[in-house]
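Novice: here's my sequence, what's the structure:
(one chain, ligands or ions: 2)
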Amino acid sequence: MDKQTLSFQAEVKQILHLVTHSLYSNKEIFLRELISNASDACDKLRFEALDKPELYEGQSELQVRVAFDATAKTITITDNGIGLSADEAVANLGTIAKSGTREFMSALQGDQKKDAQLIGQFGVGFYSGFIVADKITVESRRAGLPPEQGVRWTSEGAGDFEVETISRPERGTSVVLHLREGEEEFLSGWKLKSIVSKYSDHISLPILMQKEEWDAEAAKQVVKDEWAPVNKAAALWARPKSEITKEQYEEFYKQISYDTEAPLAYTHNRVEGRSEYTQLLYIPAKAPFDLWNRDKRGGVKLYVKRVFIMDDAEALMPVYLRFVKGVIDSSDLPLNVSRELLQESRDVKAIREGSSKRVLSMLEGLAESDDAAEKQKYADFWKDFGVVLKEGIGEDFANRERLTRLYRFSTTHDDGSVQNVSLTEYVARMKEGQDAIYYVTADTLATARNSPQLEIFKKKGIEVLLLTDRVDEWLLSHLYEFDGHALQSVAKGSVDLGKLEDEAEKKQAEEVATAFKPTLDRLKEALKGRAKDVRVTTRLVDSPACLVAEEGDMSGHLARLLKQSGQGAPKAEPILEVNAEHALVKRLESSAHFDDLANILFDQALLAEGGQLEDPASYVKRVNALLLA
Ligand code: ADP
Ligand code: MG
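Specialist: Residues are numbered from 1 along each chain as shown. Ligands and ions are numbered 1, 2, ... in the order given. As a prediction, this is how the structure comes out:
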């Protein structure tokens with residue numbers, strides 16, 4: 001192939017711009033990224049060579065070399081891994097194939113500091129070289145191709161890059177960074193070594209650098225032609241716990257997660273028994289920008305006997321724990337395990353169950369800690385990840401009970417602005433004679449807190465859960481009982497406060513209902529086709545009316561959610577409940593505008609629960625007519 005000039009994909013140009021403009025405060029990560037690529041390339045070779053050992057070309061000792069040339073002002077990272085063909089160089093270094101890129105781009109805000117954090121989370125990879133270099137040359141040959149099919153890729157990190165065919169006897173890749181003016185601090189063996197040990201100690205291949213010697217005559221360090229490893233080259237998770245410091249655990253987390261913050265908690269164990277594996281799992285302190293995306297694969301890497309097998313092995317964690325990062329290293333799985341095989345494997349199932357339990361234990365450790373700081377960590381965790389953890393109740397049957405105890409809710413106990421009440425706490429506060437756990441669902445906290453159905457509960461001082469997350473309706477379809485107490489909607493069925501209501505109250509309610517019967521019949525007639533029934537209620541104190549769903553029918557809130565998400569919901573008419581003590585309702589009997597008033601009561605009840613009027617114009621007309629009457 002003759003020399004060709006090609007243009008970067010638009011997203012790459014954007015990333016390049018960001019890299020050179022926002023990542024300035026953390027320049028040294030370029031070395032971590034390039035060493036990580038070199039190590040990935042060796043992992044890939046090792047993996048392909050399982051079937052085709054000839055790819056080693058007689059050299060199976062994989063390694064990475066880091067060198068610098070103070071005169072030429074270059075740093076070179078060389079690996080003898082899988083290498084790149086010319087086509088691969090064009091595709092992999094000119095475009096971004098990662099599926100999350102578009103989402104990532106749209107998450108960028110143009111705020112340098114925040115973007116730098118995001119980009120760190122996403123991982124800029126190869127392009128980070130341009131933080132310190134104004135020109136990068138990559139020379140490579142793919143394992144298995146003849147020496148004449150090597151490739152040279154060059155770019156100054158602006159709009160385009162050049163590729164040409166070269167002859168290259170050695171397999172693998174060299175990345176040469178031509179440093180920018182002012183970046184000479186990286187032309188030091190000491191500096192480079194310290195970066196390697198900070199970021200890349202755990203890389204399980206040897207990272208070699210040339211030895212240096214003090215030349216007294218010249219009064220400077222001279223580089224010798226003798227290479228020695230500068231990293232420990234032992235996978236962190238394979239080392240004994242007692243030898244690993246908190247800093248090392250945290251640094252490893254940052255490397256695998258691209259998070260700039262330390263994790264909230266971690267757990268490191270060697271599991272023995274039917275299935276043998278090591279797990280090192282982390283819970284991040286902050287939610288990633290794409291947490292909501294259930295299709296995003298998990299953050300757990302799979303190794304088999306220290307050999308890297310795959311990133312994002314989603315079969316190792318349930319979907320609701322997709323925020324967990326870490327490594328699982330199995331001793332039992334075959335090295336050539338595929339994603340399909342993982343889904344079926346009993347060993348993987350055992351690993352997933354064991355790992356889920358570990359994660360829940362970590363969370364329980366925080367939630368139930370006596371230490372206020374730890375407890376606060378759980379509150380912070382819940383704020384970011386609670387919605388996702390709620391998905392677990394339907395997904396992880398075995399851990400239902402434990403999950404339920406970890407859930408936190410807004411309630412009427414305080415102003416409800418934070419989800420901080422556990423069901424255990426709720427139950428401990430239940431009133432004498434209260435059997436059920438009461439809840440209300442709504443789109444917003446304000447709607448929930450002010451819903452008319454709550455009035456009697458407020459009056460009697462009974463706590464009610466305020467459920468406003470979209471997943472709550474779904475949660476409720478799986479969580480119907482806790483500690484022997486049924487969960488009961490305040491907007492479903494007739495209120496039966498059971499032993500909480502005294503005999504006198506009950507009797508009075510019955511009398512009112514009888515006396516009010518003729519009006520109820522007229523209301524039913526006026527609201528035919530809108531309300532399936534009209535009845536007198538004791539659940540209202542200040543409001544004239546409210547809507548409730550018949551026991552077994554879908555709540556108005558759930559029907560609206562389904563409609564918003566484009567799913568049709570069977571239309572069930574609600575029941576209108578009226579407060580016979582309310583002045584507006586009393587006026588009904590003698591009103592000359594009975595039908596208008598009846599419909600207004602219904603429409604207002606619908607508005608109060610956050611619903612939408614089917615025919616707002618008629619509502620306005622009716623109200624106006626009454627205002628003028
Ligand atoms: P990532 O490592 O997350 O895939 P990078 O931007 O770091 O993204 O690298 C982009 C791609 O370039 C890699 O996926 C790989 O295909 C290729 N690449 C980079 N460095 C090397 C290398 N040293 N050897 C072989 N391929 C490489
Ligand atoms: Mg990379």
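
Novice: please count neighbours and contacts with C-alpha atoms only from this point.
Specialist: Fine.

Novice: so T519 touches R587, yeah?
Specialist: No - the pair T519 / R587 is not scored as a contact, 10.7 Å apart, by CA atoms under 8 Å.

Novice: part of a strand, is A598?
Specialist: No - under DSSP: H, G, I helix; E, B strand; the rest coil, A598 falls outside any strand and is assigned helix.

Novice: L527 is in contact with that one, correct?
Specialist: Yes - contact criterion CA under 8 Å: A598 and L527 qualify, at 7.1 Å.

Novice: pLDDT at M362, what is it?
Specialist: pLDDT for M362: 97.

Novice: then the one 10 residues further on?
Specialist: The model reports A372 with a pLDDT of 94.

Novice: how many neighbouring residues does the closest residue to ligand 2 within the stretch 101-250 of the chain have?
Specialist: With CA to the ion as the measure, G125 is the residue of the stretch 101-250 of the chain nearest to ligand 2, at 4.1 Å. Neighbour count of G125, defined by other CA atoms under 10 Å: 18.

Novice: quickly find the element holding the nearest residue to it once chain neighbours are set aside.
Specialist: Nearest residue to G125, sequence neighbours excluded (CA to CA, 6 or more residues apart in numbering): E33, at 5.2 Å. Per DSSP states H and E: E33 is located in helix 29-48.

Novice: show me what that helix is packed against.
Specialist: strand 64-69, strand 74-79, helix 189-199, strand 307-310 (3 or more CA pairs under 8 Å, 6 or more residues apart in numbering; DSSP states H and E).

Novice: could you dump those into TSV with mean pLDDT, mean neighbour count and distance to ligand 1 added?
Specialist: Listed next are those as TSV, based on pLDDT from 0 to 100; neighbours: other CA atoms under 10 Å; distance: least, CA to the nearest ligand atom, whole Å:
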stretch	mean pLDDT	mean neighbour count	distance to ligand 1
strand 64-69	97	20	9
strand 74-79	98	22	6
helix 189-199	88	17	15
strand 307-310	74	19	12
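
Novice: ok, T519 and R587, which is more surrounded?
Specialist: Between T519 and R587, counting by other CA under 10 Å, T519 is the more crowded of the two (20 against 13).

Novice: for that one, what are its contacts?
Specialist: L588, E589 (CA atoms under 8 Å, 6 or more residues apart in numbering).

Novice: what residues does the stretch 51-200 of the chain have near ligand 1?
Specialist: Those residues of the stretch 51-200 of the chain that sit near ligand 1, judged by CA under 6 Å from any ligand atom, are I82, G83, L84, N92, L93, V124, G125, F126, T173.

Novice: from those, which land in helices?
Specialist: Using DSSP state H, N92, L93 are the members of these that sit in helices.

Novice: which members of the residues of the stretch 51-200 of the chain next to ligand 1 are the farthest-apart pair?
Specialist: Greatest spacing in those, by CA to CA: I82 and V124 (20.9 Å).

Novice: what about the two, which has more around it?
Specialist: Looking at I82 and V124 with other CA under 10 Å, you find the greater number of neighbours at I82, namely 28 against 21.

Novice: phi, psi for that one please.
Specialist: Phi and psi for I82, reported as degrees, to the nearest 10, are phi -70, psi -30.

Novice: grab the nearest non-local neighbour of it.
Specialist: L45 (4.6 Å).

Novice: helices or strands next to the helix or strand hosting Y378 in the packing?
Specialist: Using DSSP H and E, Y378 sits within helix 372-395. Packing partners of helix 372-395 (3+ CA pairs under 8 Å, 6+ apart): helix 346-367, helix 400-406, helix 472-478.

Novice: list the buried residues for the second one?
Specialist: In other words, helix 400-406. Judged by neighbour count using 16 or more other CA atoms under 10 Å, the buried positions of helix 400-406 are R400, L403, T404, L406.

Novice: which among these gets closest to R322?
Specialist: Nearest to R322 out of those is L403 (CA to CA; 15.3 Å).

Novice: OK, contacts around the nearest residue to that closest one once chain neighbours are set aside?
Specialist: Nearest residue to L403 in three dimensions, chain neighbours excluded: I393, at 6.7 Å (CA to CA, 6+ apart). Contacts for I393 (CA under 8 Å, 6+ apart) come out as N399, R400, L403, T404, L475, H478, L479.

Novice: is the helix or strand containing L177 anywhere near ligand 2?
Specialist: According to DSSP H and E, L177 maps onto strand 172-179. No - using CA under 5 Å from the ion, we find that strand 172-179 stays clear of ligand 2, coming within 12.9 Å at best.

Novice: direction included, what does that strand pair up with?
Specialist: Strand 172-179 sits in its sheet next to strand 74-79 (antiparallel), strand 133-141 (antiparallel), going by DSSP bridges.

Novice: ok now the longest one, how far from the chain's centre?
Specialist: For strand 133-141, the separation from the chain centroid amounts to 35 Å (computed by CA atoms, centre = their mean, to the nearest Å).

Novice: isn't the residue of the stretch 101-250 of the chain closest to ligand 2 up against I35?
Specialist: No - with contact defined as CA under 8 Å, G125 does not reach I35; the gap is 9.9 Å.

Novice: overlap in contacts of those two?
Specialist: Common neighbours of G125 and I35 (CA under 8 Å, 6+ apart) do not exist.

Novice: where does the stretch 451-600 of the chain have low pLDDT?
Specialist: Under the criterion pLDDT under 70, the flagged ranges of the stretch 451-600 of the chain are 494-501, 569.

Novice: could you pull out the helices in it for me?
Specialist: Chain-ordered helices for the stretch 451-600 of the chain, with DSSP state H, counting those that start in this stretch as the definition, fall at 455-459, 472-478, 503-515, 517-526, 556-564, 583-588, 594-608.

Novice: out of those helices, nearest to ligand 2?
Specialist: helix 472-478 (38.4 Å).

Novice: can you read off the pLDDT for the residue in the stretch 301-450 of the chain positioned nearest to ligand 2?
Specialist: Closest residue of the stretch 301-450 of the chain to ligand 2, CA to the ion: D311 (11.8 Å). On the pLDDT scale, D311 is placed at 76.

Novice: rewinding a little: could you dump the helices and strands packed on helix 372-395 into TSV and include distance to ligand 2?
Specialist: Below are those laid out as TSV (distance: least, CA to the ion, whole Å):
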stretch	distance to ligand 2
helix 346-367	27
helix 400-406	36
helix 472-478	38
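
Novice: any chance of these in TSV, with distance to ligand 1 too?
Specialist: As requested, the helices and strands packed on helix 372-395 are arranged in TSV below (distance: least, CA to the nearest ligand atom, whole Å):
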stretch	distance to ligand 1
helix 346-367	25
helix 400-406	34
helix 472-478	36
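
Novice: out of these, which is closest to T537?
Specialist: Between T537 and those, the shortest gap by CA to CA is with helix 472-478, which sits at 24.8 Å.

Novice: which strands and helices sit next to the closest one?
Specialist: Partner elements for helix 472-478 (3+ CA pairs under 8 Å, 6+ apart): helix 372-395.

Novice: okay, the helix it packs on in PDB with CA atoms only?
Specialist: Output of helix 372-395 as PDB, limited to C-alpha atoms (Å, rounded to 0.1, in the frame of the first residue of the first chain):
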ATOM      1  CA  ALA A 372     -22.200   7.400  61.100                       C
ATOM      2  CA  ALA A 373     -19.700   8.000  58.200                       C
ATOM      3  CA  GLU A 374     -20.300   4.500  56.900                       C
ATOM      4  CA  LYS A 375     -24.100   4.900  57.200                       C
ATOM      5  CA  GLN A 376     -23.800   8.100  55.300                       C
ATOM      6  CA  LYS A 377     -22.000   6.200  52.600                       C
ATOM      7  CA  TYR A 378     -25.000   4.000  52.200                       C
ATOM      8  CA  ALA A 379     -27.400   7.000  52.000                       C
ATOM      9  CA  ASP A 380     -25.200   8.400  49.300                       C
ATOM     10  CA  PHE A 381     -25.200   5.100  47.500                       C
ATOM     11  CA  TRP A 382     -28.900   4.900  47.700                       C
ATOM     12  CA  LYS A 383     -29.300   8.300  46.200                       C
ATOM     13  CA  ASP A 384     -27.400   7.300  43.100                       C
ATOM     14  CA  PHE A 385     -28.100   3.600  42.800                       C
ATOM     15  CA  GLY A 386     -31.400   3.000  44.600                       C
ATOM     16  CA  VAL A 387     -33.400   3.000  41.500                       C
ATOM     17  CA  VAL A 388     -31.300   0.200  40.000                       C
ATOM     18  CA  LEU A 389     -31.200  -1.800  43.200                       C
ATOM     19  CA  LYS A 390     -35.000  -1.700  43.100                       C
ATOM     20  CA  GLU A 391     -34.900  -3.700  39.900                       C
ATOM     21  CA  GLY A 392     -33.400  -6.500  41.800                       C
ATOM     22  CA  ILE A 393     -36.600  -7.600  43.600                       C
ATOM     23  CA  GLY A 394     -38.000  -9.100  40.400                       C
ATOM     24  CA  GLU A 395     -34.700 -10.400  39.100                       C
END
